[in-house]
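*Asks:* A structural model of the following input is requested.
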Amino acid sequence: MFFNKYHLIVFFLHCCWATTMLAQQPEPTEKLDIPTYQEVAILFFEQYDFDGKDLYDLVFAHKPDGWYVVDQDYATKTVYREELFWSSQLKDYLALDYPKTFYRSQGRQYPFLNAYLYDRCYYYGYANWSKDVIDAFSNEDSLNDQKLEALARAYSNYGAAFIRNHYGFQPEGELFKEYAYEKIPQTNIDGAYNNLLLACKTFRQLQEQNPEYQTSIGKISTKLSNEHLSSWLMMRSIKEPFLAKEFLRENLYDPFMISYAKNYLTTCAPNAILFTQGDNDTYPLWYVQEVEGFRTDVLVINLQLLNKDWYLDMLKDDVINRNLFSKRFPKAKLTHDQRNIVVLEEDTTYTDFMPLQEMLKHIAADHISPMKDSLHYFPSRNLSLAIDYKKGKRTLKKYKKILVAPMQWTLPDDFLYRSEFLMLDIILQNQFKRPIYLAVSIDPSSFLGLESYFQLEGMAYQLLPIQQTTTAEKVGAGLMNQDIMYDQLMKKFTYGACASQPLIAETNEKRIIYNYRGMFISLANQLLKVNKSKQALEVLDYCQQTFPNNIVANNQYSYKMIELYYQLKEPAKANKLVEESVNNLIAMQMVMEANDDNLNQYIEFIINYAEEQGQTALSSKLKQRLGL
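*Replies:* As a prediction, this is how the structure comes out:
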């Protein structure tokens, strides 16, 4: 594949504006003498057919005596049959009573849910996995890193199960029933609290044993802090505020994550609603609000949690949020998995954009799809929203001349999760009285086709019913407001001692810094477009000063910054980046111990681009080093 300028720019934008802030899944620290989750699943599909059923109903369970193949109902977790496929005693696979397969394509479609937990938790994929892990490791001395993580996660799952089926694979027994929070027995509250404390204690032990240990969401320090906040939320949800406060400690998060959280909240206008989605874009924000009292005016709503009955109850019970939702969806319409997902059953007689209130009214009514598993449905994906300027005047008055009414958009999918139609309900009910933001870390599929009304203002997009200017820089899902972005990045944001040593591994922190760099570069590009060269140069220089090469290496992602420095007549600064980027890419190849074609093309492209800019001495020196 030949890389031209277009390829590299697209690649840069894709990498720097990835919509997830999560780190790539790190490899397990211990190689076990058993097949992996992926190996077991792939071998099953190479030999057997799952009778054409939904692949989500097939589960692979790793128990103390081996790997089981489990046929269950994905929604209810009712187990129909399970067979031992790989025996721990025999160290070998066993024949199964499934039909033989004549094709192998099913394995390529298998979703591999929770692969990280299978790899890290030793036992996983069945009701009592957490109890089995606790029994296996809680009395063992000198646990290695991976066993400590497995034990901590087991305590967390087991503790939460005393309150509700929070993580799936609910333990069996009379203790682990679902209760309304006002009816939870004291024994269950104690069981939850004590096991959640053990989870935090074990994660802390892992942090002390190996401070650089990487989890699915980043460094162990971040995972430990998030576990404290998750436990705090669990206790709050059952009306135990004093137990909840036991999990809030000072200095839980490191300065980098504190700054990251504050930058999210700083992005928002006063009294805003901010939608987030994951752990790292939610728990640290709640922490700085609860412990430091920082920007408590911003209501942070997590979309994943908004699918949960108990979280919805928490939001509705808060007096401050009394008018957050409409009265269309009382508790009776959202319990027992009602409307967890609603589907499109298109009404072909409806050719115009459907008012949002009509669509939500339809979901709230008992309209059942005759075609799609008896689910509730909505009749159109083309939606409109009339704007009540009087109600939203405080937010909208500065945009009065460019307001678009009504808003019109098209849903990208033929289904909606509960959290998504409830987000639309909040938008409709709020009518811009409170500014509404969506975090840049949200999966684009949850933007629901509203991107043409997004304005990037830092770490989040503000939803605004305005006609976007065509000269604005498109960054990620929305267009940039350059004045607000400049003020945020250059004056208001802090970056919290990014690192005291170079970040080499693909950590969550490193990815956050690449996203910060991407914002600076996009802002500089926009400023250059509108002939604000001096400000553009200030932005680039501040970015290099804040995130220098010795902390996070310049590489192929730095191409756009190189280009901008040359355009700003700063060849010395551009040449420095060229040399750093090429040297780092060469070092990357040496670490990989392989001659990677893509890396070679990035290296050659950057060198040739410098030569095109008249930097022949530099390009000759670098080519000579490479033997070109």
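
*Asks:* Once you drop chain neighbours, what's closest to residue 331?
*Replies:* residue 313 (7.1 Å; Cβ to Cβ, 6 or more residues apart in numbering). From N, CA and C alone the C-beta is placed, and that goes for glycine too.

*Asks:* Are we agreed that that neighbour is in a helix?
*Replies:* Yes - Residue 313 sits within a helix when classified using DSSP: H, G, I helix; E, B strand; the rest coil.

*Asks:* Tell me who's in contact with residue 432.
*Replies:* Taking Cβ atoms under 8 Å, 6 or more residues apart in numbering, we find residue 432 in contact with 387, 388, 391, 392, 395, 396, 464, 465.

*Asks:* which one among the residues you listed gets closest to residue 201?
*Replies:* Checking the contacts of residue 432 against residue 201 with Cβ to Cβ, the nearest one is residue 395 at 44.9 Å.

*Asks:* was I right about that closest one contacting residue 269?
*Replies:* Yes - applying Cβ atoms under 8 Å as the test, residue 395 and residue 269 come out as touching, 7.3 Å apart.

*Asks:* so what sits against both of those two?
*Replies:* residue 435.

*Asks:* So those two - more neighbours on which side?
*Replies:* Neighbour count, other Cβ atoms under 10 Å: between residue 395 and residue 269, residue 395 has more, with 24 against 16.

*Asks:* mind checking the SS state of residue 335?
*Replies:* From three-state DSSP, the assignment for residue 335 is coil.

*Asks:* and the spatially closest residue to it that is not a sequence neighbour, what does it touch?
*Replies:* Setting aside the residues directly before and after it, residue 335 is nearest to residue 309 in space (Cβ to Cβ, 6+ apart), at 5.8 Å. Shown in contact with residue 309 (Cβ under 8 Å, 6+ apart): 331, 334, 335.

*Asks:* How about residue 445?
*Replies:* Contacts of residue 445 by Cβ under 8 Å, 6+ apart are 412, 413.

*Asks:* mind checking the SS state of it?
*Replies:* Taking three-state DSSP, the label given to residue 445 is helix.

*Asks:* measure it to residue 417 for me?
*Replies:* To residue 417, residue 445 is 10 Å away according to Cβ to Cβ, to the nearest Å.

*Asks:* same thing with residue 192?
*Replies:* Counting by Cβ to Cβ - residue 192 and residue 417 are separated by 27 Å.

*Asks:* can you check residue 239 too?
*Replies:* Residue 239 is 27 Å from residue 417, by Cβ to Cβ.

*Asks:* can you pull out the helices in the stretch 101-250 of the chain?
*Replies:* Using DSSP state H, counting those that start in this stretch, the helices found in the stretch 101-250 of the chain span residues 106-109, 115-120, 129-137, 145-161, 186-209, 220-237, 241-245.

*Asks:* now do the stretch 401-550 of the chain
*Replies:* Assigned by DSSP H, counting those that start in this stretch, the helices in the stretch 401-550 of the chain fall at 418-430, 482-487, 508-529, 533-546.

*Asks:* Looking at these, which is nearest to residue 136?
*Replies:* Comparing the helices of the stretch 401-550 of the chain by Cβ to Cβ, helix 508-529 comes nearest, at 29.0 Å.

*Asks:* Pull out the buried residues from the closest one.
*Replies:* Using 16 or more other Cβ atoms under 10 Å as the test for burial, helix 508-529 gives 508-528.

*Asks:* How about stretch 339-354?
*Replies:* For stretch 339-354, by 16+ other Cβ under 10 Å, it's 339, 340, 341, 342, 343, 344, 345, 353, 354.

*Asks:* So for that stretch, mean pLDDT?
*Replies:* When pLDDT is averaged over stretch 339-354, the result is 87.

*Asks:* What is the end-to-end distance of that stretch?
*Replies:* By Cα to Cα, to the nearest Å, the extent of stretch 339-354 from end to end equals 20 Å.

*Asks:* circling back: and the residue nearest to residue 331, what's its pLDDT?
*Replies:* The predicted local confidence for residue 313 is 88.

*Asks:* Strand partners (parallel or antiparallel) of the lengthiest strand in the chain?
*Replies:* Using DSSP state E, we find that the single longest strand of the chain is strand 79-87. Strand pairing for strand 79-87, using DSSP bridges, gives strand 66-72 (antiparallel), strand 92-93 (antiparallel).

*Asks:* tell me the average confidence for that strand?
*Replies:* On average, strand 79-87 scores 93.

*Asks:* just stretch 193-212 next, same as before
*Replies:* 97.

*Asks:* neighbour-wise, which of residue 239 and residue 417 wins?
*Replies:* The neighbour count for residue 239 versus residue 417, taken as other Cβ under 10 Å, is higher for residue 417 (19 against 14).

*Asks:* Quick check: bridge partners of the more buried one?
*Replies:* residue 341.

*Asks:* residues in contact with it?
*Replies:* Per Cβ under 8 Å, 6+ apart, neighbours of residue 417: 307, 340, 341.

*Asks:* Pipe these into a markdown table and attach distance to residue 119 per row.
*Replies:* As requested, those are exported to a markdown table (distance: Cβ to Cβ, whole Å):
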| residue | distance to residue 119 |
| --- | --- |
| 307 | 26 |
| 340 | 28 |
| 341 | 29 |
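
*Asks:* ranges for the strands of the stretch 351-500 of the chain?
*Replies:* Shown for the stretch 351-500 of the chain, the strands assigned by DSSP state E, counting those that start in this stretch span residues 354-355, 377-378, 382-385, 407-410, 415-417, 436-439, 454-456, 460-463, 474-475, 478-480.

*Asks:* ok, residue 55 to residue 41 distance?
*Replies:* Per Cβ to Cβ, residue 55 is found 10 Å from residue 41.

*Asks:* Neighbour count: the two, which is higher?
*Replies:* For residue 55 versus residue 41, neighbours defined as other Cβ under 10 Å are more numerous around residue 41 (24 against 17).

*Asks:* So that one is in contact with residue 115, correct?
*Replies:* No - between residue 41 and residue 115 there is no contact under Cβ under 8 Å: 9.4 Å.

*Asks:* list the contacts for the closest residue to residue 249 other than its chain neighbours?
*Replies:* Excluding the flanking residues, the one nearest residue 249 by Cβ to Cβ, 6+ apart is residue 228, at 6.8 Å. Residues counted as contacts of residue 228 (Cβ under 8 Å, 6+ apart) are 200, 247, 248, 249, 252.
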